[in-house]
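# Below: sequence and its predicted model.
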Amino acid sequence: MKYIVEHMEEGFSEWVILEYSQIIRDVGKENLILTSLPSTTTEKDIPKRLLDMGLQWTTKECIDLEFDGKIINRDEIALLDPAATTDLIPEDKSKIEYFLLAGVLGEHPRKDRTGILREKYKFLGRRLGNLQMTTDSAVRTAQRIIDGTKFEDIKFLDYPEIKYNKYESTEMPFRYIVDDNNEPILPEGMLELIRKDADQSIDDLLIDE
């Protein structure tokens, strides 16, 4: 399965770098591409950590992409959309080749920024439940479903409390898949980022450049 992320933020915050890095680890560099970067973008504008991991990126829109020399068929793209009326199911694997995600940082309460892509492209929409996820969590959830696990059989933790020292913690306003220890799966380095910036709110971290 290929994942297309229309990068809709200005630049790359540390939060975004960690999420994109984790997606590459989870699905492989060949299965992720960032699209719609500003037309003036050059390689020096892409964080070195992402380039070193083999990140694919382009200033083209998703509808102008080719993968492995094959022009993308619009009918094979599904927008992962919290406002979609149809849930993603394992059987969708037979008709979906590409998932499109809005590369936006979470906001609480959620704003419908995915709606920009919904109106622009008119792609098939698929929903991953009714709560907001981080980009890497959405990819992880979609991949598990396409690999055969029903959404209702995936174990999630909503709005987990992340403790960064003995006395302090912060609530993450997102839904996460949990690991075998019932702990939310965060991108590598995310817990350290939260601890490092303990004096900042989660909203501040999301928009930090």
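Happy to help now that I have it. Numbers count the residues shown, from 1 in each chain.
# Tell me where the model's unsure across the chain.
For the chain, the stretches with pLDDT under 70 are 103-113, 198-209.
# Show me where it has its strands.
For the chain, applying DSSP state E gives strands covering 2-7, 32-35, 56-57, 66-67, 70-71, 77-80, 98-103, 124-126, 156-158, 161-163, 169-171, 175-177.
# Need those in a markdown table (columns: distance to D136).
C-betas here are computed from N, CA, C, even on glycine. Shown next, in a markdown table, are the strands of the chain (distance: least, Cβ to Cβ, whole Å):
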| stretch | distance to D136 |
| --- | --- |
| strand 2-7 | 10 |
| strand 32-35 | 10 |
| strand 56-57 | 16 |
| strand 66-67 | 21 |
| strand 70-71 | 26 |
| strand 77-80 | 12 |
| strand 98-103 | 10 |
| strand 124-126 | 17 |
| strand 156-158 | 14 |
| strand 161-163 | 15 |
| strand 169-171 | 18 |
| strand 175-177 | 9 |
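# looking at the ones you listed, which is closest to D45?
With Cβ to Cβ as the criterion, D45 lies closest to strand 56-57 of those, at 9.3 Å.
# Neighbouring strands - and their directions - for that closest one?
With DSSP bridges as the test, strand 56-57 is paired with strand 32-35 (parallel).
# one step back: ok, which of the strands of the chain comes nearest Q22?
Q22 sits nearest to strand 32-35 of all these, at 10.4 Å, using Cβ to Cβ.
# List the contacts of that closest one.
Applying Cβ atoms under 8 Å, 6 or more residues apart in numbering, the contact partners of strand 32-35 are 2-7, 20, 23-24, 55-58, 60-62, 65, 67, 103.
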